[in-house]
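Show me how the following folds:
(2 chains)
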Amino acid sequence: MNDVVVVGGGIAGLLSAARLVAQGAKVTLVTFGVGGLQLSHGGFDVLGYAPERVDRPFDVLDDFIAANPEHPYAVLGADAVRLGTDFASEFFGDRLVGNDGRNWLLPTAVGALRPTYLASPTMVNAEARAGHDPVVVVGLQQLKDFQAELIAGNLVKQQIPARAIVLDLPARTHEADASGLTYARAMDRADYRADFAKALGKQLLSGEKALIPAIAGHHEAAAFTDLQTRLGAPLAEIPLPPPGVPGMRLNEYASRRLQDQRVRWILGARVVALHSEGGRAVSVDVATSGHLTKVRADAVVYAPGGFESGSLSLDSHGKVLETHLGLPVRVPPGRLIGPDRRSEQPLFRSGLAVDDQMRVLDDADRPVYPNLFAAGGVLAGAMRWSEKSGEGIAAASAVRAADAIGDLA
Amino acid sequence: MRTYDCDVVVVGGGSTGAGVVRDVAMRGYSAILVDRADLGQGTTGRYHGLLHSGGRYVVSDPHSATECAEENAIVTRIHASAVEATGGLFVSTPEDDLAFSDDFLAGCHKTGVPVEEISVAAALKREPRVNPGIRRAFLVEDGTVDGWQMVWGAARSAQEYGAQILTYHAVVGIEMTGSSVSAVRCIDRRSGEDVTISCRFVINAAGAWSHHIAEMAGCHDVEVVPGRGIMIAMNHRLVNTVINRCTYPADGDILVPVHTVAIIGTTDVRAEDPDELPIPADEVQQMLDCGEILIPGFRQARALHAWSGARPLVKDSRVSAQDTRHMSRGMSILDHQSRDGVSGILTIAGGKLTTYRLMAKNIVDRMCEQLGEERECRTADEAVPGSTPGETYQVTHRLHDREADRRDDQIICECELMSRTMLTDALHADPQASMDDLRRHLRLGMGPCQGGFCSLRATGIACAEGVIDAELANARLHEFLAHRWIGLWPILYGDQVRQTALDEWIFQGLLDVEHLPEPKVVLEPVPLGVAAQSLQSTTEPETTEAVR
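Reported below is the predicted structural model:
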């Protein structure tokens, strides 16, 4: 039980690979895209709404599980959620902070206050749970996904003394339209940080915290601290719509660490078939360029993501599909999509059903194969984006699947 | 209380009303157009974008075919910037009776609709995605026309001739002096103000809603029969030529390339209420099946958005033969003087967008006749402002513009290549504009992501420009997303499901827009049509009643 194929490069795939190599497995990670982390806010959610805002997720988990028996958390149990969260916290080290039982409450790029359990240290100065220090929201003329007036206006409505300023400071000369990533790359350079701190410093009032878009460095880990020191005032990043730099930082850290630990990486390739012998999965076919590559597997962790990744879909006749391997999908009863956008669309609770070991189940609740496991967004039963539960589910299911594979050995 | 005084009030800001107000203004009358919503928000904005060559009607309705052929040339000339000269093909698919193609060709010759038969190989070379099993192909002069651009062009022209356009003014009453219409009472829906417009004449061009207006003048029993049709916009231009099935007019017989999309249409089902237009699941399936016949693999293409429009057909048992003597087939003029004994008001309905100018001419001719005045129609003679004859629209125009300004300006909507300057100009031109008003002008949010990125930017920029505050921005954002959803959920499958999931990750997962400070302002939009059924076979069929 040594060769494990992990399908998917999002947080579920990364954490299961990490857990598996720690157990001595030989892991091949197959990923078609760059993984879901750069779509994320760069923090780690456990439970943010149930449906009211949650301040201490582990205190309400038992009630949440009782109310949502089909949810992955109910299949896993509260202890697994704790275990997964602790594993993620340990894995990412000081790149994610918190884990003290409480959710952070952090402003978003429209000025809502969003709960999350573990946060990037570059964001926590914006914490809004206690104390309302005056803040200045710092927009950039050349960055369209961060409209400072809107953010400040909404913060004021939530009793946070806020004002907006907009700096005219291109990331590259002659570029009116830059992404957050372009800015983050500029911020990797000390001279640009100096220019930014100077331009902002002129407008900063004493006692104000500065909330900037999440652009404080891409590869340069010290960029944020350096910028804050130059500014001489508390600084916080607010995550932007994708591509999100904080998620990319986590993704790159995790990828490098796993590659250092000899995880074999097959990039840009889709898994197109799963082969079995004697009732067990034995290999997967990977559509590498020009030919199929067969990868032998003693076990498979299937973590390709949900609808947003294209791993789950709905065809034009209304049938819900798992698109890569055609695995059986668990679909909620009744209408899947309804006319009211703001009410829940049950379609998005569709996904793979699993047992408490994370083995994929067929329609009769029997494991499809005893060594085929699933983790993360492909699992049935959650509304991750509204619950704010995505990373918690991913970590708990990844750890459980990896541990179950360890037990098989 | 505001008051105005003019010769003619035109009720209805669709293509017919805009054509009428332009026509009366060009004939020297002072005129005011009122609409309860924005221009082109009814049927004019809810069709497939076809500028008819006339080919569709050469067998079923030869008179209309000739009118279409003539008006096509006029509209292409006077509204060049709104028209794309795509050309059209009539193709006999393996499903179609080949005998009809002979009738079609003969009909074209008889009605004066320009046509040229080309080989199947030539047709497939021109449009490689078309069903390779087609047996005959005919080239015609179909084009596409942006109904909004056309209406605004006509409205701008009317304004240059002194007319006023009052949008978001709902008619609440018509005042009479004796049996003559003397004034129209409105309410300004955005300010709540009462408005009275004294006038000599009212032209009722309220389309599928015209019976309500007629009733206010004491003209009873005008029966409007809204003929509902659905259309689906597919991602990309699957074809660059309008593709028609060479058959007697039927459901789902046309695929129209408009702007960046291709639109399949349509159905024809009697609707009870033009404000409640569902997009039923079975009709969506029907359109996809029809698409497969024209373009094999159609179902694998991505559907972006669906909508439903109501053809304003008037059925009137009390109308006598003499009332229709000036009438063209397909358009109805109700003469309330002879019909109801009420003078100073005419109702026009029916017709086609392609013949909007001719409809306007016909009814304004009738008005002049009733007023005992002779004034010549000149609407075919000059181009509308902003449009140069010969310079028709091309889908690459915006790409060209963005290439020119890309170093100095931002692209706020990547799907539709809308720049920041385009947005801020529109915001300042109409600070009260809703996101949907802006969308109609700018195509904001009409591309593949359906507002996933641009709606946030646009509301944020409206704040930055000081046009709205954060609370109103939140309300506008939610309103816009709710309206996009009306046309999204009935066709949600394939890649558009993935897009929707990504959009929800951004809106809810990342930004938590559902927990923005709840706006105290409640926006009450004009009904936009309701999608009553989803795609899923598991759907319980719902009645329209249940959706209300």
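
Could I get the average pLDDT for stretch A:24-44?
In this model, stretch A:24-44 has an average pLDDT of 94.

what distance separates the start and the end of that stretch?
Start-to-end span of stretch A:24-44 (CA to CA, to the nearest Å) is 26 Å.

Residue A:46 in helix, strand or coil?
When classified by DSSP: H, G, I helix; E, B strand; the rest coil, residue A:46 comes out as coil.

again, but for residue B:502
helix.

Quick check: chain neighbours aside, which residue is closest to it?
residue A:308 (4.9 Å; CB to CB, 6 or more residues apart in numbering or on different chains). Yep, even glycine has a C-beta here, placed from its N, CA and C like the rest.

Enumerate every residue touching the residue in the stretch 301-450 of chain B that chain A sits nearest to.
Across the stretch 301-450 of chain B, the shortest distance to chain A (CB to the nearest CB) belongs to residue B:410, at 4.1 Å. The contact partners of residue B:410, by CB atoms under 8 Å, 6 or more residues apart in numbering or on different chains, come to A:142, A:144, A:176-177, B:419-420.

Correct me if wrong: residue B:72 contacts residue B:354.
Yes - the pair residue B:72 / residue B:354 is scored as a contact, 6.1 Å apart, by CB atoms under 8 Å.

and the stretch 101-250 of chain A, which of its residues are near chain B?
Residues of the stretch 101-250 of chain A lying near chain B by CB under 8 Å from any CB of the partner chain: A:108-114, A:139, A:142, A:144-145, A:147-150, A:152-154, A:156-158, A:166, A:174-177, A:239, A:241-242, A:244.

Now that we have these, which of them are buried?
Using 16 or more other CB atoms under 10 Å in any protein chain shown as the burial test, these include A:108-114, A:139, A:142, A:144-145, A:147-150, A:152-154, A:156-158, A:166, A:176-177, A:239, A:241-242, A:244 as buried.

In strands only, show me the residues you listed.
A:113-114, A:139, A:166 (DSSP state E).

mind putting these in CSV, pLDDT and distance to residue B:126 included?
Formatted as CSV, those follow (pLDDT from 0 to 100; distance: CB to CB, whole Å):
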residue, pLDDT, distance to residue B:126
A:113, 97, 56
A:114, 98, 52
A:139, 98, 49
A:166, 98, 50
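
Closest one to residue A:51 out of those residues, please.
Set against residue A:51, the nearest of these by CB to CB is residue A:114 (14.4 Å).

Excluding chain neighbours, give the residue nearest to the closest one in space.
That would be residue B:512: by CB to CB, 6+ apart, it lies 4.1 Å from residue A:114.

got the contact list for the one you found?
A:108, A:110, A:112-114, A:388.

cool, and residue B:482?
Counting by CB under 8 Å, 6+ apart, the residues that residue B:482 touches are A:341-342.

what about the strand or helix carrying it, average pLDDT?
Using DSSP states H and E, residue B:482 sits within helix B:470-488. Across helix B:470-488, pLDDT averages out at 92.

Please apply the same query to stretch A:189-202.
98.

Ok, stretch B:519-531 next?
For stretch B:519-531, mean pLDDT is 54.

Buried residues, stretch B:54-61. List them.
B:54-59, B:61.

for these, which one is nearest residue A:367?
residue B:56 (58.0 Å).

and that closest one, helix, strand or coil?
Per three-state DSSP, residue B:56 ends up helix.

Look up how far residue B:4 lies from the residue of chain B most remote from its centre.
Most distant residue from the mean C-alpha position of chain B: residue B:178, 37.1 Å away (CA atoms, centre = their mean). Per CB to CB, to the nearest Å, residue B:178 is found 22 Å from residue B:4.

what are the bridge partners for residue B:312, then?
Applying DSSP bridges to residue B:312 yields these beta-bridge partners: residue B:226.
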